[in-house]
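Q: what follows is a predicted protein model with its sequence.
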Amino acid sequence: MFLRRCAFVACWLVLVLFVIRHPRQAADATGAIAHALAVLADAVAGVVSAL
């Protein structure tokens, strides 16, 4: 459990440092992830509506 908490804190620390040091790349990555999730949602909706 302790290692899981340490890994969780380390992941958030890396993410925060990335956003602070590279805000433009972080914004681009966030936009790309949001676009990918939207495409995935459209695909799931298409499959569900076909059923």
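A: Perfect, I can see it now.
Q: and the residue positioned nearest the centre of the chain, what pLDDT?
A: Closest to where the C-alpha atoms of the chain average out (C-alpha atoms, centre = their mean) is Ile33, at 5.7 Å. The model reports Ile33 with a pLDDT of 95.
Q: how about it, secondary structure?
A: For Ile33, the assignment made with DSSP: H, G, I helix; E, B strand; the rest coil gives helix.
Q: ok, it - contacts?
A: By C-beta atoms under 8 Å, 6 or more residues apart in numbering, Ile33 lies in contact with nothing. (Glycine included, C-beta is placed from N, CA and C.)
Q: and the gap between it and Leu40?
A: Distance from Ile33 to Leu40, counting by C-beta to C-beta, to the nearest Å: 10 Å.
Q: ok, now Leu17?
A: Look at Leu17 and Leu40: by C-beta to C-beta, they are 28 Å apart.
Q: now Pro23
A: Counting by C-beta to C-beta, the gap from Pro23 to Leu40 is 26 Å.
Q: and Arg5, by the same measure?
A: When Arg5 is compared with Leu40 (using C-beta to C-beta), they lie 30 Å apart.
Q: any idea how far the host helix or strand of Ala41 is from the chain center?
A: Assigned by DSSP states H and E, Ala41 falls within helix 23-50. Computed by C-alpha atoms, centre = their mean, to the nearest Å, the chain-centroid distance of helix 23-50 equals 10 Å.
Q: likewise for stretch 5-21?
A: Distance, centroid of stretch 5-21 to centroid of chain: 13 Å (C-alpha atoms, centre = their mean).
Q: so for it, what gets flagged as buried?
A: Residues of stretch 5-21 include none that count as buried (16 or more other C-beta atoms under 10 Å).
Q: contacting residues around it?
A: Taking C-beta under 8 Å, 6+ apart as the rule, stretch 5-21 contacts Gln25, Ala26.
Q: go again with 7 Å.
A: Residues outside stretch 5-21 that contact it (C-beta atoms under 7 Å, 6 or more residues apart in numbering) are Ala26.
Q: going forward, the N-terminal residue is numbered 26.
A: From this message on, residue numbering opens at 26, which makes the last subject stretch 30-46.
Q: can I get the CA coordinates of it in CSV?
A: Provided in CSV are the C-alpha atoms of stretch 30-46 (Å, rounded to 0.1, in the frame of the first residue of the first chain):
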residue,chain,number,x,y,z
ARG,A,30,0.8,5.8,-2.5
CYS,A,31,4.4,6.7,-3.4
ALA,A,32,3.7,5.9,-7.1
PHE,A,33,0.5,7.9,-7.0
VAL,A,34,2.3,10.9,-5.6
ALA,A,35,5.2,10.5,-8.0
CYS,A,36,2.8,10.4,-11.0
TRP,A,37,1.1,13.6,-9.9
LEU,A,38,4.4,15.3,-9.3
VAL,A,39,5.7,14.4,-12.8
LEU,A,40,2.4,15.6,-14.3
VAL,A,41,2.6,18.9,-12.4
LEU,A,42,6.2,19.5,-13.3
PHE,A,43,5.5,18.7,-17.0
VAL,A,44,2.6,21.3,-17.0
ILE,A,45,4.8,23.9,-15.3
ARG,A,46,7.8,23.4,-17.5
